[in-house]
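Trainee: could you look at this predicted model? Sequence included:
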Amino acid sequence: MVPLSYIAVATPEAAIRRTAEGQGAEYIAGGTDMIQLLQEGIVAPLELVDINGIAFDDVSVAIDGIRIGAMARLSDVADDPVIRERVPVVSRALYESASPQVRNMATVGGNLLQRTRCLYFRDATTPCNKRVPGSGCSALDGQNRVNAILGGSDHCIAAYPGDLAVALVAVDAELMVTGPTGERTILVENLHQLPGDTPHIETVLKPGDLITAIWIPLAAAGRRSHYLKVRDRTTFEWSLASAAVSLGLHDDVILDARVAVGGVGTKPWRLRHVEDMLVNQRLDQALARAAGECSADGAEPRGQNAFKVTLLRRTVERALLQIGGLA
Amino acid sequence: MLEIDEGQVRQSEAAYPQHAASIALTINGESCQLQVDARTTLLDALRDRLHLTGTKKGCGLGQCGACTVLVDGRRVVSCLTLAVMNQGKSITTIEGIGDGELHPLQKAFVEHDGFQCGYCTPGQIMSAIGLIQEGRTRSDDEIRENMSGNLCRCGAYTNIVKAIKDALVQGVDAPEAMRQAVEAIRQDAEKGE
Ligand SMILES: Cc1cc2nc3c(=O)[nH]c(=O)nc-3n(C[C@H](O)[C@H](O)[C@H](O)COP(=O)(O)OP(=O)(O)OC[C@H]3O[C@@H](n4cnc5c(N)ncnc54)[C@H](O)[C@@H]3O)c2cc1C
């Protein structure tokens, strides 16, 4: 077994210095995905850089937005009164993620970067282009019930599994990132990349990049929002389909809309064509039905995951009915 | 007294002593100094090195909850945290909750048949202590939802909910180690101001 070294850092600078050189050093925050991947032999870092000592772990409100420190725990953010009141879609998505124990450990930064639950990615004995580039995709014609129906390629159809990122896309959230070349912001919508022919490249982050915070603009926090997650059991399970909806409503008329879906795409999936058909319309049963109907347009099911086409349509419809108080 | 089993040093640790770290933990109120390899999970350190085998190893992937312990008063799965990440922390395991006699939750689990084979029970009880601390016990549904991180293959769920409700009525005090941890955090916070 390759020896693994460990270092705890207290500042972003120290963290970035350690990982930027590309010597096999990786960040560890809550550790809840990293340790699963280590145990299963999916990743083999040479050094773990523990960033829990960096004190970016609270929720704060400024005049123009809400800032969530990257090291904040899922349970604390879900419980935060500001998050619950202003962006219920985020609070709900977090409450419906993992288990109470895991939520006490996992950080929001780490959550966004969790790896796919595709059976073959998590099984080191099978070919997987994401794990071993060029080895092939076992899911295309294999056990692909949990895999993506949107955004896949001939090289990879692994679904992005997380809930938080989907909710964040619906509230126009940005990430604050510090890296070897300084600070920058990235729209959560632009964090993940399509697999194309490089499924091993999952995000736009570069070696050394450290997520320091999530930023939610207050304009988005003013909209009404909701998260609906559908899964194989009532709780403690990743989603098969989920919908994050955020609407600016005046009376019953939709002035502004965001619809993002999870469990179905290779990345958190924004449905712009659905948003467009909602705007300037009155939110009623017929509109929710019509929006749901077209939400799986362009889907490419591959066998066992075909049920997700109907499931996605109904999930979007139901989320809209719920947010409108019509369900 | 906690005894540290030096015979259980990992191969990797013996071969690469430069990759082992010395950590200080408070376990059930007792401080202890431990040499661990970076890969050693908190769960393995508790079981293999300290012989605190009340904490059970189920899936090793955070999916079953059998290894639930409290770290600084919060429930976590000890299989998904490395021992080295817990430097300076206060750990409460099932061995640390009774004060010479059974903890009210232990009594309630016996009383209500909250288990059959017993393998998941230490994790269930530690999780229930965390649950009660969090105050997520306002209805049966809330208890069920917030105990969902602990699987019971014997299916004792109904009686587990009953046991938790009964223990609530009887009154559950936080274990001493947990009180100490909360106190320490409070003091730290005051220092920081
Ligand atoms: C049993 C189980 C069930 C789960 N169910 C769900 C679910 O239903 N929904 C859901 O969304 N998630 C679920 N999860 C996933 C869980 O939410 C993630 O594992 C967790 O959020 C990851 O956060 P972490 O802090 O533990 O990350 P770590 O495991 O520490 O790190 C994950 C990755 O992120 C990187 N990283 C961490 N922090 C930063 C940072 N600040 N900057 C840059 N890189 C960073 C690490 O290098 C690593 O590559 C589940 C997990 C388990 C174990």
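Mentor: Yep, that arrived. Residues are numbered from 1 along each chain as shown, chains lettered A, B, ... in the order given.

Trainee: find the nearest non-adjacent residue to the residue nearest the centre of chain A, please.
Mentor: Centroid check for chain A by CA atoms, centre = their mean gives residue A:165 as the closest residue, at 2.9 Å. Closest residue to residue A:165 apart from its sequence neighbours, by CB to CB, 6 or more residues apart in numbering or on different chains: residue A:268 at 4.4 Å. Placement of C-beta: from N, CA and C, glycine included.

Trainee: pLDDT at the one you found, what is it?
Mentor: Residue A:268 is assigned 98 on the pLDDT scale.

Trainee: so it touches residue A:189, yeah?
Mentor: Yes. Using CB atoms under 8 Å, residue A:268 is in contact with residue A:189, at 7.2 Å.

Trainee: who's more crowded, these two?
Mentor: Legend: neighbour count by other CB atoms under 10 Å in any protein chain shown for residue A:268 and residue A:189, higher for residue A:268 (27 against 19).

Trainee: which ones are touching that one?
Mentor: If a contact means CB atoms under 8 Å, 6 or more residues apart in numbering or on different chains, then residue A:268 has A:160, A:162, A:165-166, A:168-169, A:188-189, A:192, A:260-262 as its contacts.

Trainee: thinking again about what came up before, please tell me how far the residue nearest to residue A:165 sits from chain B.
Mentor: 22 Å (CB to the nearest CB, to the nearest Å).

Trainee: which residues in chain B form strands?
Mentor: With DSSP state E as the criterion, chain B has strands at B:20-27, B:30-37, B:68-71, B:74-77, B:90-92.

Trainee: the shortest one packs against which elements?
Mentor: Pointing back at strand B:90-92 there. strand B:20-27, strand B:68-71, helix B:176-192 (3 or more CB pairs under 8 Å, 6 or more residues apart in numbering or on different chains; DSSP states H and E).

Trainee: just the CA atoms of the second one, as PDB, please.
Mentor: When you say that, I think you mean strand B:68-71. These are the backbone C-alpha positions of strand B:68-71, laid out as PDB (Å, rounded to 0.1, in the frame of the first residue of the first chain):
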ATOM      1  CA  THR B  68     -21.800   6.000  15.500                       C
ATOM      2  CA  VAL B  69     -20.000   7.900  18.300                       C
ATOM      3  CA  LEU B  70     -20.100  11.400  19.600                       C
ATOM      4  CA  VAL B  71     -17.200  13.800  18.700                       C
END
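
Trainee: that one and the ligand, any residue contact?
Mentor: No. Using CB under 6 Å from any ligand atom, strand B:68-71 never reaches the ligand; the gap is at least 12.3 Å.

Trainee: look up how far residue B:58 lies from residue B:172.
Mentor: Residue B:172 is 24 Å from residue B:58, where distance means CB to CB, to the nearest Å.

Trainee: who's more crowded, the two?
Mentor: The neighbour comparison of residue B:172 against residue B:58 (other CB under 10 Å) goes to residue B:58, with 21 against 18.

Trainee: residues contacting that one?
Mentor: So residue B:58 contacts B:64-67, B:79, B:119-120, B:123, B:151 (CB under 8 Å, 6+ apart).

Trainee: in PyMOL, select just the buried ones from those residues.
Mentor: Buried members of the contacts of residue B:58 can be picked out in PyMOL with the line below, counting by 16 or more other CB atoms under 10 Å in any protein chain shown:
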select buried, chain B and resi 64+65+66+67+79+119+120+123+151
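
Trainee: export the contacts of residue B:58 to a markdown table and tack on distance to residue A:294 and pLDDT?
Mentor: Formatted as a markdown table, the contacts of residue B:58 follow (distance: CB to CB, whole Å; pLDDT from 0 to 100):
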| residue | distance to residue A:294 | pLDDT |
| --- | --- | --- |
| B:64 | 40 | 98 |
| B:65 | 41 | 98 |
| B:66 | 45 | 98 |
| B:67 | 46 | 98 |
| B:79 | 44 | 98 |
| B:119 | 49 | 98 |
| B:120 | 45 | 98 |
| B:123 | 46 | 98 |
| B:151 | 39 | 98 |
